[in-house]
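Q: Sequence and computational prediction follow.
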Amino acid sequence: MKALETDEAPACPLCTNVLRVHDYLLSPDELIIFDSLVVKAISFHYKRFFYSQKRIEKETRVKRTRYEAIIKKFEEMGFLQTYVDKMPNSEGQIRYFYVNFQKLTEEEVLTKLVREKSTLLEAMRAYMEYHADEEFKVLCPSAVKEKPKKNQEEKRIEEIREMLEKTLNERREMYNKGELDIKPTRKLHPTTVALTNQQKRGFLDLETRYGIESIHQAFIAYCDEVLEGVCKPKNLFNYFLTRDRFHRDYSIFINSLNSYMIKYSSPLK
């Protein structure tokens with residue numbers, strides 16, 4: 001029997017817009033995790049939020065092994081950062097997440113999420129740009145009327161780069177003068193520090209978490225260990241920014257900061 005035109009169909013109970021899924025480059029389980037992280041970040045007012053493994057599995061139905069692979073993929077894309085820290089009002093630890101909406105506005109990232117020629121791409125860009133602006137207002141309220149967030153990040157990373165370059169050249173000069181715990185075997189000349197985009201993101205994350213002075217102190221101890229031959233990294237900054245495989249902490253940075261606190265001091269006046 002044909003339904004009357006005046007009859008109203010019941011509300012659709014299906015959870016997925018199949019036509020929209022076709023415009024995504026993510027697999028269904030990746031899409032579920034992506035959506036859940038974006039919604040969580042917005043609901044927590046763009047700040048870091050914690051998400052237990054038990055709750056993740058309950059809410060998304062994605063098991064741990066697959067979930068970890070998806071999280072690693074999103075971290076490599078650059079818009080997600082995770083680390084393990086203490087739970088509020090507890091001695092236990094839990095995993096924290098931070099979704100970078102500014103990163104999600106970049107063409108390089110968007111075209112890994114959504115098909116480039118789809119109508120969804122522009123809708124996704126507009127959505128992420130809106131939330132990137134809202135995120136900036138929340139995290140940097142005093143800078144809202146000054147400069148766009150991108151310019152603020154460029155200013156921060158240039159301040160960090162200059163500090164790294166000055167510190168590195170100061171420690172190299174101390175090595176030349178024999179002021180470190182090793183006899184110099186060659187003369188080291190001043191150098192210019194240049195950072196890759198990945199290194200810039202790493203230092204910005206460190207500065208957000210610990211502050212530039214902590215980076216400075218840790219880098220002093222790290223430079224001295226490199227110059228003294230205690231540490232022999234293939235890449236000076238990549239190794240300094242190494243993250244623990246399981247807890248996602250900056251293990252070399254933390255060790256260097258601890259070394260600075262133990263070994264370095266000023267004489268009493």
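A: Looks like it arrived, so ask away. Numbers count the residues shown, from 1 in each chain.
Q: How much space separates the spatially most central residue of the chain from Asn89?
A: Centroid-nearest residue in the chain: Gln81, 3.9 Å away (criterion: C-alpha atoms, centre = their mean). Gln81 is 23 Å from Asn89, where distance means C-beta to C-beta, to the nearest Å. For the C-beta atoms, the positions are set from N, CA and C on the backbone; glycine is no exception.
Q: is it true that the residue nearest to the centre of the chain touches Arg95?
A: No - Gln81 lies out of contact with Arg95 (C-beta atoms under 8 Å); the separation is 11.1 Å.
Q: so where is this protein shaky, pLDDT-wise?
A: By pLDDT under 70, the low-scoring segments of the chain are 1-7, 12, 14-16, 141-150, 246-247, 265-269.
Q: Please parse it into its domains.
A: 18-143, 149-263 (automatic domain parsing).
Q: which phi and psi does the residue nearest to the centre of the chain have?
A: Backbone torsions of Gln81, given as degrees, to the nearest 10, read phi -130, psi 140.
Q: Equivalent analysis for the one 5 residues further on, please.
A: Taking degrees, to the nearest 10, you get phi -70, psi 150 for the backbone angles of Lys86.
Q: Please point out which parts of stretch 55-66 sit buried.
A: For stretch 55-66, burial by neighbour count (16 or more other C-beta atoms under 10 Å) applies to 56, 60, 62.
Q: The first one is in contact with Tyr67, isn't it?
A: Yes - Ile56 sits in contact with Tyr67 when judged by C-beta under 8 Å, with a separation of 6.1 Å.
Q: Quick check: Phe136 touching Thr105?
A: No - with contact defined as C-beta under 8 Å, Phe136 does not count as touching Thr105 (11.1 Å).
Q: Tell me where the stretch 51-200 of the chain has strands.
A: Here the stretch 51-200 of the chain has its strands, by DSSP state E, counting those that start in this stretch, at 80-86, 93-99.
Q: Take the last one, keep the C-alpha atoms, and write them as CSV.
A: Once non-C-alpha atoms are left out, strand 93-99 reads as follows in CSV (Å, rounded to 0.1, in the frame of the first residue of the first chain):
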residue,chain,number,x,y,z
GLN,A,93,47.9,8.5,36.1
ILE,A,94,45.8,8.9,33.0
ARG,A,95,46.2,9.8,29.4
TYR,A,96,45.6,13.4,28.4
PHE,A,97,44.7,14.6,24.9
TYR,A,98,44.9,17.9,23.1
VAL,A,99,43.3,18.6,19.7
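Q: Give me the distance from it to the chain's centre.
A: Distance of strand 93-99 from the chain centroid (C-alpha atoms, centre = their mean, to the nearest Å) equals 11 Å.
Q: Tell me which other helices or strands that strand touches.
A: Strand 93-99 is packed against helix 28-43, strand 49-50, strand 80-86, with contacts defined by 3 or more C-beta pairs under 8 Å, 6 or more residues apart in numbering; DSSP states H and E.
Q: Which positions within that strand qualify as buried?
A: 95-99.
Q: Which member of those residues is positioned nearest Asp85?
A: Tyr96 (5.5 Å; C-beta to C-beta).
Q: residues contacting the closest one?
A: Taking C-beta atoms under 8 Å, 6 or more residues apart in numbering, we find Tyr96 in contact with 48-51, 82-85.
Q: now the buried residues of strand 93-99 in JSON lines, with distance to Ile252?
A: Shown next, in JSON lines, are those (distance: C-beta to C-beta, whole Å):
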{"residue": "Arg95", "distance to Ile252": "21"}
{"residue": "Tyr96", "distance to Ile252": "20"}
{"residue": "Phe97", "distance to Ile252": "23"}
{"residue": "Tyr98", "distance to Ile252": "21"}
{"residue": "Val99", "distance to Ile252": "25"}
